[in-house]
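[1] Sharing a model prediction with you, sequence too.
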2 protein chains.
Amino acid sequence: MFKRLTGAKEASIALLERCRKVARQESLALECSDGRVLSCDILSDVDLPGFNRAAMDGYAVLSRDTRSASASSPAYLTINQECIPIRTGMSVPEGFDAVVMLEDAVKREGQIEVTSEVHPFRNVSRIGEDIARGDMVLKEGHRLRPPDLALLAALGISEVRVYALPRVTIIPTGGELVPRGSRPLKPGEVYETNALMADLYVRMWGGSPRRTEIIPDDEELIKNAIESGLDSEMILILGGTSVGEKDYAPKVLSDLGELLVHGIRVQPGKPTALGAVEGVPVACLPGYPVAALSALYLFVRPAIKKMAHLADTVPMKRARLARKIASRPGYLSMVRVSLKDDHVVPIMSSGAGILSSVARADGMVMVPEELEGLEAGDEVEVCLIE
Amino acid sequence: MFKRLTGAKEASIALLERCRKVARQESLALECSDGRVLSCDILSDVDLPGFNRAAMDGYAVLSRDTRSASASSPAYLTINQECIPIRTGMSVPEGFDAVVMLEDAVKREGQIEVTSEVHPFRNVSRIGEDIARGDMVLKEGHRLRPPDLALLAALGISEVRVYALPRVTIIPTGGELVPRGSRPLKPGEVYETNALMADLYVRMWGGSPRRTEIIPDDEELIKNAIESGLDSEMILILGGTSVGEKDYAPKVLSDLGELLVHGIRVQPGKPTALGAVEGVPVACLPGYPVAALSALYLFVRPAIKKMAHLADTVPMKRARLARKIASRPGYLSMVRVSLKDDHVVPIMSSGAGILSSVARADGMVMVPEELEGLEAGDEVEVCLIE
């Protein structure tokens, strides 16, 4: 059936080699930049704090006025002349260089009594202490998080240059597919759902999805859809990837560009095909929804994360298997599991068409191809379904 | 200074006891429901698949026509009469109950030769096999993920009832604060940035933030702002939480409702105050941005997650300390760290006002209050800064 089956790791690497980090950039307001990746270094134009800032409630003083002060020989400073009442966060006035904490300053008849020497800049955040003018604040490639954006805001920055999101064209194919909600189904028809799933995952993983209409099983129409999608950074073709008479996607890929991989030793997800057309990586995902999910996680996720300048860290949880898992040697098995009281329970219905098994699953355990399965009690990493 | 310092765990529990899961509901299109939580069980009105579906390319047959077939005594079935060519996913026509795989059917002069008996429903996904009419599909409280939404779409469902997002009113306070970008700063002024950070985190953690204008250090105005925010499910007051003369937030909280906690044994974040007004939980967060971040993670995050019906799982990474960490005994210390080659490197500048230290941090290590620090080489859990 398949001319040559490729290992999952090898297949993923082949696709990743065809993926380029997106170079396009855009300017965004800070409010809209959470999770985005800086496309240039940010240097500061200003000092932060912009002034010598009191770090405590108390009195601004000139440190040399407290020299040698002690309990037996206190310094007495006249309020509003030799010292100024000040609160945390306020600017230390010109002519003063330290703050005596409220609890260390005994107030007596218009004066404060200071019983220990304060050093210059004691209880003062000095101008530029956090960020000095000209400092590197954040580097190109940094993924912006809320405190990063707060820091930029503190510097008076209101817009940032970030990398554009990789555009991903999603092409659902299949003569049996009907757009959702359009009309009741006739026998043999199903609602198109994989494009919805792919769309939401592309978005979650840092891409910008664009869905085409449903394309029937027609070689020319699939060809046209791919060609129309070549202005994007990646193309996903859903369905028609196997070796049947009407499975055109791999053939079209081969005709238009290069078919790197067709048939992967992964279960479910075996009919997946990977390639590229005019430099645009293309993944053809099986129509069976669980197989599509498996291929999305294994091949599409790392590709989008790479193009989006993001680290590919999948949320994982380590726990013990409650029951054994049997798997097919030579194949990477993606086994749906649920987590119950911190135990990993394999979900038995294994059909790649059984989407309800995913609804009951918290994650997937990947059984490596060199194993025939895993034993009850084995500690495993569960890839959580986001 | 503080009348009584409370432990971090105890403080968090006190606030959580005041938080209710949001009961309000709304209807949303599937496209907009990713990550949302179902507010009712979903039962299926239909069967999935809705018809007996071929699971393989081949020929639909009536299983009893192949009874006792073997290599020495094959069954011969006339194409388009006793068997029908069929592709994966197609409806098995009326009068047929199994599929013979293409590779098991030798085609000869308008007939196929079948050399082994096929059982009823062999290579057929039976009607309702995935979901039967009346089955429970997803339960109340389920967090919707892309494959769940695909499943609902497959059932012809286009809208779901989900819990509304908890509304969180964010009130920035402080006479030194200036709205971002409004005008150049004068000495003593700073741009308001904590509300931006809180806003983005509330959103990320499953809440719906609403920011008020900056409120000056004025008891009446802070009172009014809280009262105006009582139509939300939680109120965050930023700044003015300590024990200084103009730190009104805890006093106002105490006057209007109950002040549960003021002063927490956490570093940074000690001046945090927690309470409730007319059943609405209120968190008063320190103005220092790193202290605010610490309090957001420790107290606000679990509160919002609870109200939003979400599990409070913080992304964690386990790794070894490259250097020792000193901490203050009796205080939970939130130590900013960076991850370098899978080693955890503490960031030395510890000031709660030094926001740039967070920009350089990948996460925080929580040193428990019973310890004086951690040693180089200790394995620690890093709470990753999202």
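    Arrived safely, thanks for sending. Numbers count the residues shown, from 1 in each chain, chains lettered A, B, ... in the order given.
[2] Figure out the helix or strand that residue A:156 lives in.
    Remark: residue A:156 resides in no helix or strand, with elements defined by DSSP states H and E.
[3] quick one: contacts for residue A:288?
    A:268, A:352, A:353 (C-beta atoms under 8 Å, 6 or more residues apart in numbering or on different chains). Bear in mind the C-beta positions are built from the backbone N, C-alpha and C, glycine included.
[4] Tabulate those in a markdown table, adding columns for distance to residue B:379, neighbour count and pLDDT.
    A markdown table is the format used below for the contacts of residue A:288 (distance: C-beta to C-beta, whole Å; neighbours: other C-beta atoms under 10 Å in any protein chain shown; pLDDT from 0 to 100):
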| residue | distance to residue B:379 | neighbour count | pLDDT |
| --- | --- | --- | --- |
| A:268 | 36 | 24 | 94 |
| A:352 | 39 | 22 | 78 |
| A:353 | 43 | 21 | 78 |
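[5] from those, which single one is nearest chain B?
    Nearest to chain B, judged by C-beta to the nearest C-beta, of the contacts of residue A:288 is residue A:353 at 5.6 Å.
[6] three-state assignment of the closest one?
    With DSSP: H, G, I helix; E, B strand; the rest coil as the basis, residue A:353 sits in coil.
[7] ok, for it, nearest residue in space, not its chain neighbours?
    Once flanking residues are discounted, residue A:353 sits nearest to residue A:288: 4.9 Å by C-beta to C-beta, 6 or more residues apart in numbering or on different chains.
[8] Please tell me the pLDDT value assigned to the one you found.
    You'll see residue A:288 listed with a pLDDT of 91.
[9] Pull up the gap between it and residue A:338, please.
    According to C-beta to C-beta, to the nearest Å, residue A:288 and residue A:338 sit 21 Å apart.
[10] Same question for residue A:9.
    Per C-beta to C-beta, residue A:9 is found 27 Å from residue A:338.
[11] same deal with residue A:185?
    Distance from residue A:185 to residue A:338, by C-beta to C-beta: 30 Å.
[12] Kindly report the same for residue A:300.
    24 Å.
[13] Out of those two, name the residue with the larger neighbour count.
    Each of residue A:300 and residue A:338 has its neighbours counted (other C-beta atoms under 10 Å in any protein chain shown); residue A:300 has more, 26 against 16.
[14] The more buried one looks like it's in a helix, true?
    Yes - when classified by three-state DSSP, residue A:300 is found to be part of a helix.
[15] pretty sure it is touching residue A:236, no?
    Yes - using C-beta atoms under 8 Å, residue A:300 is in contact with residue A:236, at 6.6 Å.
[16] list residues touching both of the two?
    By C-beta under 8 Å, 6+ apart, the residues touching both residue A:300 and residue A:236 are A:198, A:202, A:283, A:285.
[17] Among the residues you listed, name the ones in helices.
    A:198, A:202 (DSSP state H).
[18] For the shared contacts of residue A:300 and residue A:236, which single residue is the most surrounded?
    Counting neighbours by other C-beta under 10 Å, the top entry in those is residue A:285, with 31 neighbours.
[19] For stretch A:136-148, buried residues please.
    Residues of stretch A:136-148 classed as buried by neighbour count (16 or more other C-beta atoms under 10 Å in any protein chain shown): A:137, A:138, A:142, A:143, A:144, A:145, A:146, A:147, A:148.
[20] ok, longest strand in chain A?
    strand A:332-340 (DSSP state E).
[21] quick one, strands of the stretch 51-200 of chain A?
    A:53-54, A:58-61, A:75-78, A:83-86, A:98-101, A:105-108, A:111-114, A:124-125, A:136-138, A:159-163, A:167-172, A:177-178, A:190-191 (DSSP state E, counting those that start in this stretch).
[22] on that earlier part again, from the buried residues of stretch A:136-148, list the ones also adjacent to chain B.
    A:137, A:138, A:142, A:145, A:146, A:147, A:148 (C-beta under 8 Å from any C-beta of the partner chain).
[23] if you skip the residues just before and after it, what's nearest to the first one?
    Here the nearest residue to residue A:137 in space, its sequence neighbours aside, is residue A:42; by C-beta to C-beta, 6+ apart that works out to 4.6 Å.
[24] Residue A:55 and residue A:129 touch, don't they?
    No - assessed by C-beta under 8 Å, residue A:55 is found out of contact with residue A:129, at 9.8 Å.
[25] any common contacting residues for those two?
    Between them, residue A:55 and residue A:129 share these contacting residues under C-beta under 8 Å, 6+ apart: residue B:351.
[26] which of those two has more neighbours?
    Counted by other C-beta under 10 Å, residue A:55 and residue A:129 do not tie: residue A:55 has more neighbours, with 23 against 20.
[27] which residues touch that one?
    Residue A:55 touches A:88, A:99, A:123, A:124, A:125, B:351, B:353, counting by C-beta under 8 Å, 6+ apart.
[28] one more time with 10 Å
    Residue A:55 is in contact with A:49, A:88-89, A:92, A:99, A:101, A:121-126, A:129, B:288, B:351-353, counting by C-beta atoms under 10 Å, 6 or more residues apart in numbering or on different chains.
[29] Throw together a ChimeraX command that grabs the buried residues out of these.
    Filtering those down to the buried ones (16+ other C-beta under 10 Å) takes a single ChimeraX command:
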select /A:49,88,89,92,99,121,122,123,124,125,126,129 /B:288,352,353
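[30] Got the domain ranges for chain A?
    For chain A, automatic domain parsing gives the domain ranges A:8-23+A:165-307, A:25-47+A:144-163, A:53-125, A:316-384.
[31] Confirm that residue A:14 sits in a strand.
    No - with three-state DSSP as the criterion, residue A:14 is assigned helix and is not in a strand.
[32] Make sure it is actually in contact with residue A:272.
    No - assessed by C-beta atoms under 10 Å, residue A:14 is found out of contact with residue A:272, at 11.6 Å.
[33] Enumerate the positions of stretch A:207-219 that are buried.
    Within stretch A:207-219, the residues that qualify as buried are A:207, A:208, A:209, A:211, A:212, A:214, A:215, A:217, counting by 16+ other C-beta under 10 Å.
[34] Then stretch A:308-319?
    So, applying 16+ other C-beta under 10 Å, buried residues of stretch A:308-319: A:308, A:309, A:310, A:317, A:319.
[35] Next up, the contacts around the residue nearest to residue A:347 when sequence neighbours are not counted.
    Leaving out its chain neighbours, the residue that sits closest to residue A:347 by C-beta to C-beta, 6+ apart is residue A:336, at 4.4 Å. Each residue near residue A:336 by C-beta under 10 Å, 6+ apart is listed here: A:268, A:290, A:293-294, A:345-350, A:354, A:357-365, A:385, B:147.
[36] Among those residues, which lie within strands?
    Among the contacts of residue A:336, DSSP E puts A:345, A:346, A:363, A:364, A:365 in strands.
[37] which of those residues sit farthest apart?
    Pairwise distances across these (C-beta to C-beta) peak at 12.7 Å, for the pair A:345 and A:364.
[38] overlap in contacts of those two?
    Counting by C-beta under 10 Å, 6+ apart, the residues touching both residue A:345 and residue A:364 are A:336, A:337.
[39] pretty sure residue A:213 is touching residue A:171, no?
    Yes - between residue A:213 and residue A:171 there is a contact at 8.8 Å, judged by C-beta under 10 Å.
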